[in-house]
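Asks: Kindly return the folded structure for what I paste below:
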Amino acid sequence: MLRCKKFLISIICLSIFAPTISSYAEEEIEDLIDIAESKGKIIAIIEGRKTITFDLRPNEKVLWSGSRGFLGAFLTDLNFFVISTSLNAWQALPLRLDESGEGVASLSPYIALLITKDRAVGFDATSNRFVETLLPIHDELLAAEVERYVAVVITSSRAFGLAAESSAFTEFFLRGGETINEIKLTYSKATVRTSDRLLTFEASGSTWKEYRLY
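Replies: Residues are numbered from 1 along each chain as shown. Sure thing, here's the model as predicted:
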């Protein structure tokens, strides 16, 4: 009887801590959404069972499309469309005419990232919402990368990090004359090596940390 109680306690404890243990697991994630464009519509087929369509505007042009993991996305000259496996409709972010032609989009299994000439936009599969931040005026865009749970955007004066489930980009200021030497992303962490510092952004805390090299 005592052994049985100990076993039940172990099972209960494991079930309590399981979400934390598996929060940033590195298991393989299959692509669960198929997308297509046909006759003025964008189409998402979710897990081979549910079909969701959206009518594009007349003459609206698709510039890019992709699907990965829990997300599917289309970039047109008018909108940035994203859908996740838990949604029943495409989510649309309107674009200005002066930024649509310069938009660059990318996907991870959890995060969709769009960079235009003056803003960065993220969408994650857990919160199902767009978040955005303005990029500094006159800054040069140096990098925009996304991995499973994190995305980073680097300009000539700032570093921006976005984690899955977060409600905003986290901003970090670069020093005058500081140059970017290397950027590396893993499933849940981004590492940026500059001319005199090592910067890290972790999904678990959505914060930047710095380590001086000299």
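Asks: Grab the most central residue of the protein for me.
Replies: For the chain, the residue sitting closest to the mean C-alpha position, by CA atoms, centre = their mean, is Ile111 at 2.4 Å.
Asks: For that one, which residues are in contact?
Replies: For Ile111, the contact set (CB atoms under 8 Å, 6 or more residues apart in numbering) comprises Leu71, Gly122, Phe123, Asp124, Ala125, Val146, Arg148, Tyr149, Val150, Ala151, Leu162, Ala164. C-beta coordinates here come from the backbone N, C-alpha and C atoms, glycine included.
Asks: so what's it scoring on pLDDT?
Replies: Listed pLDDT for Ile111 reads 97.
Asks: hey, what's it bridged with?
Replies: Asp124 (DSSP bridges).
Asks: Could you check how far it is from Ala36?
Replies: Applying CB to CB, to the nearest Å, the value for Ile111 to Ala36 is 22 Å.
Asks: likewise Ala125?
Replies: Distance from Ala125 to Ala36, by CB to CB: 20 Å.
Asks: Please identify which of the two sits among more neighbours.
Replies: Ala125 (23 against 14; other CB atoms under 10 Å).
Asks: could I have stretch 201-210 exported to PDB, CA atoms only?
Replies: C-alpha atoms of stretch 201-210 as PDB (Å, rounded to 0.1, in the frame of the first residue of the first chain):
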ATOM      1  CA  PHE A 201      18.300  36.400 -25.600                       C
ATOM      2  CA  GLU A 202      16.500  33.400 -24.100                       C
ATOM      3  CA  ALA A 203      12.900  32.400 -24.700                       C
ATOM      4  CA  SER A 204      12.300  31.400 -21.100                       C
ATOM      5  CA  GLY A 205      12.700  35.000 -19.800                       C
ATOM      6  CA  SER A 206      12.300  37.100 -22.900                       C
ATOM      7  CA  THR A 207      15.300  39.100 -21.700                       C
ATOM      8  CA  TRP A 208      18.700  40.200 -23.100                       C
ATOM      9  CA  LYS A 209      21.900  39.500 -21.100                       C
ATOM     10  CA  GLU A 210      25.300  40.900 -21.900                       C
END
